[in-house]
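>>> sequence-free structure coming up:
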């Protein structure tokens with residue numbers, strides 16, 4: 001009897017209220033299971049063995065795989081495992097797509113991955129998740145579990161069409177890394193089609209869709225989600241939450257995951273909102289669910305959805321290691337910084353910039369940039385082929401279909417690059433750094449010119465340099481009337497006297513918690529400092545006013561969020577506008593000689609010395 005008393009089973013058999021004992025045992029078992037599951041999920045967030053789904057060009061979930069692909073989108077490729085079962089294969093390669101939403105990267109592996117079963121919480125997911133109406137067309141967002149961008153690119157000319165309400169077909173303008181841009185339906189039919197389904201037709205087969213035409217307008221919209229810091233926080237990218245550049249956050253602002261889970265806002269800047277992820281987050285319950293904001297009691301329209309790290313329908317980035325909240329680095333952080341793959345990277349946003357991309361990349365590569373992120377804002381000039389030709393320079397292209405969001409794009413890039421890069425240079429394709437004192441790679445210290453410049457100013461800041469600002473000189477057409485084939489640096493040699501604005505090289509660990517980009521510089525964490533390079537050390541040659549043929553495209557649209565399009569009759573005295581021009585793309589008399597206050601040939605002479613083929617007049621990028 002005594003032996004049985006100390007056994008829970010025995011106690012319950014002899015106890016008068018046996019059912020209560022079993023109830024206690026059941027509750028205790030449930031709590032233990034819950035604790036184990038929570039720890040396991042958190043452990044999976046940093047493990048390659050569980051908890052994540054990585055696509056592989058998969059058409060259907062169960063036990064499907066996609067063999068033999070080509071490497072594309074040059075740059076740094078990393079193998080991801082996730083929740084796949086691996087099988088060794090020989091003499092073949094798997095084409096795996098790592099879904100970041102706004103940009104896919106193809107990686108090469110000698111192993112075959114087969115998905116074990118469907119992800120829970122997503123029964124029969126649609127292929128087309130959402131439709132967003134812009135001024136120039138309709139953007140369809142593809143469910144990442146069905147992403148087949150390579151297939152669509154191959155079939156786009158003959159088989160892929162946009163289908164409205166099952167009856168009106170329009171042309172596909174582009175299919176790029178999970179985003180498909182559709183031509184508007186005819187004007188006479190638009191009102192009738194509002195509220196109807198919009199999808200894609202491949203051949204004669206309409207794809208399953210949850211997208212509704214007219215439901216989301218590119219005016220007020222949560223359009224992206226980025227997981228941060230080992231999945232403890234998320235950054236939402238929000239169009240239209242503020243109306244001015246330095247607007248403050250709404251007073252009553254909360255984050256909403258799915259329909260019920262509300263979390264707090266951790267940080268806010270312009271159109272970036274940092275949210276705390278739900279406690280004990282269950283990825284099986286939230287996969288594919290909408291993530292949005294509650295603003296003064298109302299839900300903000302949203303196409304952003306939650307997916308585990310590695311998969312996204314809108315945007316999601318890999319992250320490794322926590323970001324320090326202060327300026328003082330721990331020994332572990334110093335060790336991690338020392339292991340970054342690249343010391344200096346560069347990020348830019350382009351639209352139809354293919355003609356000058358080679359010059360920009362090759363020039364800055366010589367100065368010490370080791371990795372290039374090209375955010376493509378709906379280019380139509382075959383820039384992909386130029387990126388492929390620059391694979392040796394570690395260049396990757398990332399689709400960014402969101403109009404007038406350069407600040408958010410740079411914020412996104414600062415997170416994306418964090419895993420690989422210590423510093424990132426944020427400049428446009430018409431901007432070139434000229435290092436007067438550190439122009440050539442060092443023979444004694446083996447530092448690249450840019451690395452030497454940063455080291456110089458970081459030492460002066462006692463290791464707390466957060467960003468180095470470099471002043472810009474604006475150049476004019478310099479007497480030219482046609483686009484120069486040999487590039488910008490050797491042809492535009494006449495500029496204005498005064499320095500105008502700055503661009504920055506940013507230490508990614510120093511960027512503040514809202515990843516706040518002001519285009520020309522970033523907001524920093526407390527304890528880090530900004531420095532401005534002396535003009536004798538470094539300046540930026542900004543070829544802001546090129547030949548009219550090239551310049552007039554700026555009237556089509558501007559990329560910065562809070563800058564008015566030049567066709568609009570507002571902010572006419574803004575520095576962003578061109579002095580002497582109105583709001584129409586009409587070439588003024590004598591344009592070729594405008595903005596020429598002094599001749600400056602220093603950078604031209606440097607380029608001709610360094611980048612011209614021996615015994616030839618051609619430059620390397622021609």
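Yep, that arrived. None of these values were measured; they are calculated from a predicted model.

>>> Could you use CA atoms for every contact and neighbour count after this?
Will do.

>>> Name the next helix or strand downstream of the worst-scoring helix or strand of the chain on mean pLDDT, please.
Least confident helix or strand, the chain: strand 111-115 with a mean of 24, by mean pLDDT, DSSP states H and E. For strand 111-115, the following helix or strand on the C-terminal side (DSSP states H and E) is strand 128-134.

>>> Report all helices and strands that that following strand contacts.
Contact here means 3 or more Cα pairs under 8 Å, 6 or more residues apart in numbering; DSSP states H and E; on that basis strand 128-134 packs against strand 137-142, strand 198-202, strand 216-217.

>>> Count the residues that sit near residue 248.
Counted with other Cα atoms under 10 Å, the neighbours of residue 248 add up to 13.

>>> Correction: the previous question concerned residue 204.
10.

>>> Would you mind listing where the stretch 501-622 of the chain has pLDDT under the threshold?
Applying pLDDT under 70 to the stretch 501-622 of the chain flags residues 557-577, 579-580, 582-583.

>>> Would you state the strands of it in chain order?
529-532, 538-542, 598-599 (DSSP state E, counting those that start in this stretch).

>>> What ranges in the chain fall below the confidence cut-off?
Low-confidence segments of the chain (pLDDT under 70): 1-125, 145-158, 229-231, 243-247, 280-284, 308-339, 438-445, 557-577, 579-580, 582-583.

>>> Name the nearest residue to residue 203, ignoring sequence neighbours.
residue 159 (4.5 Å; Cα to Cα, 6 or more residues apart in numbering).

>>> Ok, which of the helices and strands packed on strand 128-134 comes nearest residue 289?
Between residue 289 and the helices and strands packed on strand 128-134, the shortest separation by Cα to Cα is 14.4 Å, and it involves strand 137-142.

>>> Pairing partners for the closest one, with directions?
Next to strand 137-142 in the sheet, as set by DSSP bridges, lie strand 128-134 (antiparallel), strand 179-182 (antiparallel).

>>> contacting residues around the shortest one?
When contacts are defined by Cα atoms under 8 Å, 6 or more residues apart in numbering, strand 179-182 is touched by residues 102, 137-142, 162, 170-175, 401.

>>> now for those residues, which pair is the farthest apart?
That would be 102 and 170, which, of the contacts of strand 179-182, are the farthest apart (Cα to Cα) at 23.5 Å.

>>> Have a look at these two and say which one is more surrounded.
residue 102 (24 against 16).

>>> Could you check the strands paired with strand 137-142 and tell me which one is nearest residue 302?
strand 128-134 (9.4 Å).

>>> The closest one relative to strand 198-202, how many degrees between them?
For strand 128-134 against strand 198-202, the angle by axes from the mean of the first three to the mean of the last three Cα atoms, to 10 degrees is 110 degrees.

>>> any residues touching strand 128-134, and which ones?
The contact list for strand 128-134, computed with Cα under 8 Å, 6+ apart, reads 138-143, 198-200, 207-218, 303, 313.

>>> Any of those buried? List them.
Neighbour counting by 16 or more other Cα atoms under 10 Å classes 138-143, 198-200, 208-214, 216, 218, 303, 313 among the contacts of strand 128-134 as buried.

>>> about what we covered before: can you add mean neighbour count and distance to residue 275 and give the strands paired with strand 137-142 back as CSV?
Listed next are those as CSV, based on neighbours: other Cα atoms under 10 Å; distance: least, Cα to Cα, whole Å:
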stretch, mean neighbour count, distance to residue 275
strand 128-134, 23, 22
strand 179-182, 24, 25
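
>>> Output the ones you listed in JSON lines; the columns should cover distance to residue 585.
What follows is the strands paired with strand 137-142, written out as JSON lines (distance: least, Cα to Cα, whole Å):
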{"stretch": "strand 128-134", "distance to residue 585": "22"}
{"stretch": "strand 179-182", "distance to residue 585": "26"}
